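Asker: sequence first, then the predicted structure, then my questions.
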Amino acid sequence: MQEALVLKCCVVVADGSSPATLGCDCLAHRFGNAADRPGRRPRYGSDMSDTEWALVRDLLPVPSWLAGRGGRPEGYCHRQMIDAVRYLVDNGIKWRAMPADFPPWSRVYAFFARWRDTGLVAELHDRLRGAVRHAEGREEEASAAVVDSQSVKADATVAFASRGYDAGKKINGRKRHLLTDTLGLLLAVLVTPASTTDRDAARILLPTARKQRRRLSRIWADGGYRGHLQDWAAQRLGLVLDVVRRSDDVQGFQVLARRWVVERSFAWFLRSRRLVRDYERRTDTSEAVILWSMTTLMSRRLAAHHQRRSAPASSA
């Protein structure tokens with residue numbers, strides 16, 4: 001894979017022994033009135049640490065204007081924008097309730113929408129996943145995965161055309177279909193009305209994942225995916241779809257091999273209050289919020305791994 005161009009943006013400037021203050025040397029601050037905007041000090045639990053930013057900065061997609069493809073330079077620092085989106089996802093606020101120390105909510109939403117529509121958030125997510133897998137001693141691309149779905153209630157703002165009723169879970173809302181690797185990291189996501197069956201959604205989710213992940217060869221699933229889907233996946237996609245069944249002799253909770261991985265991923269998402277239920281009018285916005293939630297988890301995991309590696313060297 002070719003080395004991706006990256007935007008070197010927003011470095012931390014420390015003044016002696018005093019607490020670090022944010023300064024920015026990104027090119028956006030060299031144009032127009034962006035140069036006189038002061039940086040903001042991290043103050044929320046969702047803000048990136050300096051270690052996180054140092055790692056995430058090198059994985060950021062290159063803006064079109066910086067790559068010579070036209071367009072206007074950004075008026076705000078990427079670190080501020082990403083922290084603002086992370087704050088919204090983590091705390092579940094309304095866009096108009098964005099704290100005053102972030103850029104105006106309209107600019108943050110424009111940044112979110114642009115990254116959603118152009119696939120930049122998915123690009124950043126995939127690069128982070130590759131970095132985390134590499135740090136765990138795995139290949140960057142997974143060869144095995146786990147698929148499952150989660151039905152969540154939808155807010156009143158969700159249009160009736162994009163919501164449905166899950167008779168099994170008795171939930172009126174939407175359904176999130178996830179494909180994760182064996183570490184629980186997201187490979188593909190699809191948001192549908194809750195009335196969509198797992199097998200129907202898999203016929204959309206799996207071909208897209210197979211096209212993007214060439215090494216993918218085996219997928220574990222629950223009983224909702226059994227039947228003709230297994231033959232279809234083998235014949236059309238070259239995927240082995242293994243159904244992990246729950247024993248009929250066991251009552252109550254039971255940890256099932258492989259399937260618990262994706263269940264844990266659902267639990268990770270529910271730490272983000274924006275994902276406790278579905279508040280988004282568009283399904284692609286819901287998918288983007290899920291990607292942002294996972295990027296937060298992966299950047300923190302990557303930063304923790306980096307600190308563990310550097311600790312012995314610093315002590316020596």
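Answerer: That came through fine. Numbers count the residues shown, from 1 in each chain.
Asker: and the pLDDT at residue 278?
Answerer: Note on residue 278: pLDDT of 96.
Asker: check contacts around it.
Answerer: Taking CB atoms under 8 Å, 6 or more residues apart in numbering, we find residue 278 in contact with 152-155, 158, 163, 173-174, 191, 286. (Each C-beta comes from the backbone N, C-alpha and C, glycine too.)
Asker: swap the cut-off to 7 Å and go again
Answerer: 152, 154-155, 158, 173-174, 286 (CB atoms under 7 Å, 6 or more residues apart in numbering).
Asker: same question for residue 95.
Answerer: Contacts of residue 95 by CB under 7 Å, 6+ apart are 88, 105, 109.
Asker: filter these down to the ones in helices?
Answerer: Within the contacts of residue 95, residues falling in helices by DSSP state H are 88, 105, 109.
Asker: tell me which of the residues you listed is nearest to residue 263?
Answerer: residue 88 (25.6 Å; CB to CB).
Asker: one step back: okay if I get the contacts of residue 278 as a markdown table plus neighbour count?
Answerer: A markdown table is the format used below for these (neighbours: other CB atoms under 10 Å):
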| residue | neighbour count |
| --- | --- |
| 152 | 22 |
| 154 | 23 |
| 155 | 14 |
| 158 | 22 |
| 173 | 22 |
| 174 | 27 |
| 286 | 25 |
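Asker: same list (those residues) but as a markdown table, adding secondary structure and distance to residue 80.
Answerer: What follows is those, written out as a markdown table (DSSP: H, G, I helix; E, B strand; the rest coil; distance: CB to CB, whole Å):
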| residue | secondary structure | distance to residue 80 |
| --- | --- | --- |
| 152 | strand | 30 |
| 154 | strand | 31 |
| 155 | coil | 27 |
| 158 | coil | 29 |
| 173 | strand | 33 |
| 174 | strand | 31 |
| 286 | helix | 24 |
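Asker: tell me the one of these nearest residue 57?
Answerer: Nearest member of the contacts of residue 278 to residue 57, counting by CB to CB, is residue 286, at 27.2 Å.
Asker: quick one: secondary structure of residue 310?
Answerer: helix (DSSP: H, G, I helix; E, B strand; the rest coil).
Asker: ok so, going back, name the member of the contacts of residue 95 with the most neighbours.
Answerer: Neighbour tally across the contacts of residue 95 (other CB atoms under 10 Å): the maximum, 26 neighbours, falls on residue 88.
Asker: isn't that one up against residue 274?
Answerer: Yes: if you go by CB atoms under 7 Å, residue 88 and residue 274 touch, sitting 6.5 Å apart.
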